[in-house]
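J.: Need the 3D shape of this:
(one chain, ligands or ions: 1)
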Amino acid sequence: MNLVVIGIGLIGGSFAKDAKKIHPDAHIIGIDKSESHLDEALELGIIDEKGDYDVLASADVVFVSIPVNALMVELPKILDAVGDDTVVMDAGSTKGLICEVVNDHPKRRNFLACHPIAGTEFSGPSAAINGLYEGKTNIICEVEKTAFKLQERALELFQQMKMRIRYMNPQAHDKHIAYVSHLSHISSFMLGKTVIEKEKNERDIFDLAGSGFESTVRLAKSSPDMWTPIFEQNKENVVESLQEYIQNLETFKQLLLDNEFDDVYQEMNNTNRIKQILKGIPLTKS
Ligand code: NAP
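T.: Residues are numbered from 1 along each chain as shown. Down below sits the predicted model:
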């Protein structure tokens, strides 16, 4: 298998590692705008060689894992360069505008729109992890617009990586993901900001930070280069989710001011259901 990974960071590097484990004879070529990331990926054995878009014509699979604003510019050029039998899949965290930008491309049937719900707060090839995708969900959009045999090639690879597949339209993807991913990142960034501004002495933050603070603020270590274009592309849904979140924060603050501690208790007790939801246990109707 000839695999080309464009954007050899956390997501692309992890994909290359798993692909190599499943297909030890795969030849993996890395393309990236960062020469140092390419060198690092070579040193780490994540890719076999560096390349450019000339190699795309003979690729079986192209995995594109660059920031979503770069995807808008590069995907049409990538499709221009691939062969008729190449499947191109992206990993972008937004899907609406990305599906739109390739919709009328003559090679639209070579493209599969994906979003693997897997990752960490780190970036670059050194953050790539073996088995990152195992047991994780891969959201696929507009599958009917991809040639059937190319869908099959991609799905076989995802299956070998032990991913679960969910099919969704791009609008539903962007709406749902605003709540379960984008809002969590904003909330973590702003929690970090609030604490940093209050506790000007960074040493105190370091000494006092308990595991609750550390786990809640983990996503605030994420890359602004990656997240700014995500928020820009999904602005409408993100603003809607933020409004609902701010309303909940306001309600909670008001309950405290009004000494309504039974209601404070209830707010938290109702939200404890998240334990069952995250374990996939169906909720009993009350
Ligand atoms: P990353 O670790 O920063 O890797 C992205 C790589 O792409 C970097 O080496 C970057 O170089 C390079 N790059 C940027 N623009 C490029 C361009 N125009 N052409 C070629 N290479 C380019 O980011 P990541 O976390 O792997 O994220 C990659 C994609 O996966 C994004 O679309 C993101 O939305 C999606 N995603 C991320 C996660 C997550 O949790 N991180 C989860 C699911 C999906 P520079 O560093 O020099 O810019």
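J.: any idea how far the residue nearest to residue 87 when sequence neighbours are not counted is from residue 227?
T.: Nearest non-adjacent residue to residue 87, counting by Cβ to Cβ, 6 or more residues apart in numbering: residue 150, 3.9 Å away. C-beta: built from backbone N, CA, C; applies to glycine. Going from residue 150 to residue 227 by Cβ to Cβ, to the nearest Å gives 30 Å.
J.: Those two: who's more crowded?
T.: residue 150 (21 against 18; other Cβ atoms under 10 Å).
J.: so after the helix or strand where that one lies, what's the next helix or strand?
T.: Assessed by DSSP states H and E, residue 150 sits inside helix 148-160. The helix or strand immediately downstream of helix 148-160 is strand 164-168, counting by DSSP H and E.
J.: ok, residues contacting that next one?
T.: By Cβ atoms under 8 Å, 6 or more residues apart in numbering, the surrounding residues in contact with strand 164-168 are 135-141, 143, 155, 158, 176.
J.: hmm, back to that, need the contact list for the residue nearest to residue 87.
T.: Residue 150 neighbours (Cβ under 8 Å, 6+ apart): 85-87, 109-110, 112.
J.: Please tabulate those residues in TSV, including the columns distance to residue 198 and secondary structure.
T.: Shown next, in TSV, are the contacts of residue 150 (distance: Cβ to Cβ, whole Å; DSSP: H, G, I helix; E, B strand; the rest coil):
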residue	distance to residue 198	secondary structure
85	58	coil
86	52	coil
87	50	strand
109	54	helix
110	52	helix
112	46	strand
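J.: which of those come close to the ligand?
T.: For the ligand, no contacts are drawn from these by Cβ under 6 Å from any ligand atom.
J.: From the residues you listed, pick the one nearest the ligand.
T.: residue 112 (14.6 Å; Cβ to the nearest ligand atom).
J.: Could you verify my assumption that that closest one touches residue 152?
T.: No: counting by Cβ atoms under 8 Å, residue 112 does not reach residue 152; the two are 10.5 Å apart.
J.: Give me the more crowded residue out of those two.
T.: Under the criterion of other Cβ under 10 Å, the comparison of residue 112 against residue 152 puts residue 112 first, with 23 against 12.
J.: Am I right that residue 197 sits in a helix?
T.: Yes: counting by DSSP: H, G, I helix; E, B strand; the rest coil, residue 197 falls inside a helix.
J.: Just the terminal-to-terminal distance for stretch 29-38.
T.: Chord length of stretch 29-38, first to last residue, is 10 Å (Cα to Cα, to the nearest Å).
J.: pLDDT averaged over it, what's the number?
T.: The average pLDDT within stretch 29-38 is 98.
J.: How far does that stretch sit from its chain's centre?
T.: 20 Å (Cα atoms, centre = their mean, to the nearest Å).
J.: What lies in contact with it?
T.: Contacts of stretch 29-38 (Cβ under 8 Å, 6+ apart): 2-9, 12, 16, 41-42, 46-53, 55, 59, 66, 70, 124-125.
J.: same thing but at 7 Å, please
T.: Here stretch 29-38 makes contact (Cβ atoms under 7 Å, 6 or more residues apart in numbering) with 4-9, 41, 47-52, 55, 124-125.
J.: hmm, it in reach of the ligand?
T.: Yes: shown here: stretch 29-38 in contact with the ligand (Cβ under 6 Å from any ligand atom) through 32-34, 37.
J.: do stretch 96-107 as well
T.: No: against the ligand, stretch 96-107 shows no contacts by Cβ under 6 Å from any ligand atom, the least distance being 8.9 Å.
J.: How about the residues of the stretch 151-286 of the chain by the ligand?
T.: Near the ligand, when you scan the stretch 151-286 of the chain using Cβ under 6 Å from any ligand atom, you find 223, 225-226, 230.
J.: In the residues you listed, which residue is surrounded by the most others?
T.: With neighbours taken as other Cβ under 10 Å, the top of these is residue 230, carrying 23 neighbours.
J.: And that residue, what's its pLDDT?
T.: pLDDT, residue 230: 98.
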